[in-house]
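> Give the three-dimensional model of this entry:
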Amino acid sequence: MSQVKADVAVLIGRFQPLHGAHLALLKHALALAPQCIVVIGSAHQARTPKNPFTWAERAEMFRLVLSDDERERVRFLPMRDFYDAARWGRAVRAGVAALTAAAASPPVITLVGHFKDATSEYLRGFPDWPLAAVERLPGADGTHLRNALFGAEPGQFEAALAALVDQIPTTTTAFLRAWRCLPFIEHLREEWRVVQEYKQAWSQSPYPPVFVTVDAVVCCAGQVLLIRRGHAPGRGLCAVPGGFIEQRETAYQSALRELAEETHLSLLDDTMRRCLLATAVFDHPDRSQVGRTITHAHHFDLGERELPEVRAGDDAQAVEWVPITRLGDMESQFHDDHFHMLDHFLGITTK
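I've put the predicted structure just below:
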């Protein structure tokens, strides 16, 4: 083991799934410090082809590959994405501080990672944590591994695993073999196929496409209007009503049209304009599975009136008024960043 240079090494990633490059980073972290905190990103989200494993399942992949001594030195910190770099950074710092609060003196912390592309910019957000940069290992890539996982037909899965033998630890291989027998896998495979078809349809565009959508966060008497999506991606997941902007509509007009089509909510235009409290643009590059999608969200509050009648239509499988107080327990049921959209307007995670 190399000389200890810090009290705590912090490793941040999504680890979807754990592969050889992740393991190399962890081994480097354990060589630098007696304790390691693994920050597991994209925690508390719904299962999707991009985030198929819960944070607890990813932590288990780490535990399986570690020795007993190493397990004693590693702690896990689940972290939601927030889709807000500053807020996410504050949450990571707060989580690490909580896990090291028992130390007799403020610990010396080092950050372990490597710059692979634009998704690694988060490493620059902790200037007071010296970065122990590690050269990226070739071959291992989470997107490639997930494509192999979901693209292989049931009879071809073992062959797909065999082709990845040099990229993932044997313990991860065994975990994936058991995990793929779980009942939700076929649903995820169908979601994956739809996303691939969607991306393929735009693959010949001369420029990477940027999609513009609208969403409507409608509150009334302490409740918010939600749909269950009727089609992939996100079939069966909760979402706020919304969809693509039309060529001859403003964002506001498109939001009202989508709201009416998906929920049949019918109120006078004057009423809706009076009830519009705020608008916000959600444009994080990773907010949507299907590609770069920028949405204009509109927050309406209808006051304390009787809940308007609604019924599902268009792309909605179901529609219902949900008490705002319940949203915190529903985080893992939401499509893409819709929970965070609600959190932005309603302050769910800050109450």
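
> When you work out contacts or count neighbours from here on, use the C-alpha atoms and nothing else.
Noted.

> What's the mean pLDDT across stretch 286-295?
For stretch 286-295, the per-residue pLDDT values average out at 95.

> Then stretch 125-145?
84.

> Buried residues, it. List them.
Using 16 or more other Cα atoms under 10 Å as the test for burial, stretch 125-145 gives 129-132, 140-142, 145.

> What of stretch 276-296?
In terms of neighbour count (16+ other Cα under 10 Å), stretch 276-296 has its buried residues at 276, 279, 282-284, 287-296.

> Now find how far off-centre it is within its chain.
14 Å (Cα atoms, centre = their mean, to the nearest Å).

> try stretch 13-20
In this view, stretch 13-20 has its centroid 14 Å away from the chain centroid, taken as Cα atoms, centre = their mean.

> what ranges do the helices span in the stretch 1-150 of the chain?
With DSSP state H, counting those that start in this stretch, the ranges of helices along the stretch 1-150 of the chain come out as 20-32, 55-65, 68-73, 85-99, 142-151.

> Counting by contacts, list what the last one packs against.
With contacts defined as 3 or more Cα pairs under 8 Å, 6 or more residues apart in numbering; DSSP states H and E, helix 142-151 has these neighbours: helix 157-163, helix 185-201.

> Work out the sheet partners of the following helix or strand past the longest one and label each with its direction, please.
What it means is helix 185-201. Helices and strands here follow DSSP states H and E; after helix 185-201, the next one along the chain is strand 211-220. Applying DSSP bridges to the sheet, strand 211-220 is found paired with strand 223-229 (antiparallel), strand 242-244 (antiparallel), strand 293-301 (parallel).

> For strand 211-220, buried residues please.
212-220.

> average pLDDT across it?
The average pLDDT within strand 211-220 is 98.

> which residues touch that strand?
Strand 211-220 is contacted from outside by 224-225, 240-245, 251-252, 254-256, 258-259, 291-307, 342, using Cα atoms under 8 Å, 6 or more residues apart in numbering.

> of the buried residues of stretch 276-296, closest to Arg80?
Arg287 (12.6 Å; Cα to Cα).

> Surely that closest one forms part of a strand?
No - counting by DSSP: H, G, I helix; E, B strand; the rest coil, Arg287 is not part of a strand but coil.

> circling back: nearest to Met330, out of the strands paired with strand 211-220?
Closest to Met330 of these is strand 223-229 (Cα to Cα; 11.7 Å).

> And what about Thr279, helix, strand or coil?
Thr279 ends up strand, using three-state DSSP.

> Please read off the pLDDT at it from the model.
98.

> so how far is Glu331 from it?
If you measure Thr279 against Glu331 using Cα to Cα, to the nearest Å, the figure is 22 Å.

> hang on, the earlier thing: reformat the strands paired with strand 211-220 into a markdown table and put distance to Gly41 next to each item.
Putting the strands paired with strand 211-220 into a markdown table (distance: least, Cα to Cα, whole Å) gives the following:
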| stretch | distance to Gly41 |
| --- | --- |
| strand 223-229 | 25 |
| strand 242-244 | 27 |
| strand 293-301 | 21 |
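
> and among those, the most buried is which?
strand 223-229 (a mean of 23; mean count of other Cα atoms under 10 Å).

> quick check, distance from that one to the centre of its chain.
For strand 223-229 - counting by Cα atoms, centre = their mean - the centre lies 19 Å from the chain centre.

> neighbouring contacts of that strand?
In contact with strand 223-229 (Cα under 8 Å, 6+ apart) are residues 217-219, 235-241, 262-263, 312, 315-324.

> Let's see that with 7 Å instead.
217-219, 235-241, 315-324 (Cα atoms under 7 Å, 6 or more residues apart in numbering).

> Where does the prediction get shaky in the stretch 101-250 of the chain?
Counting by pLDDT under 70, the stretch 101-250 of the chain shows low-confidence ranges at 138-139.

> can you do 90?
Low-confidence segments of the stretch 101-250 of the chain, defined by pLDDT under 90: 102-105, 114-124, 133-141, 148-149, 152-166, 181.

> repeat for the stretch 251-351 of the chain
For the stretch 251-351 of the chain (pLDDT under 90), the answer is 266, 314-315, 350-351.

> Which residue ranges of it form strands?
Taking DSSP state E, counting those that start in this stretch as the test, the strands found in the stretch 251-351 of the chain are 276-282, 293-301, 316-323.

> Does Leu237 touch His335 like I think?
Yes - between Leu237 and His335 there is a contact at 5.5 Å, judged by Cα atoms under 7 Å.
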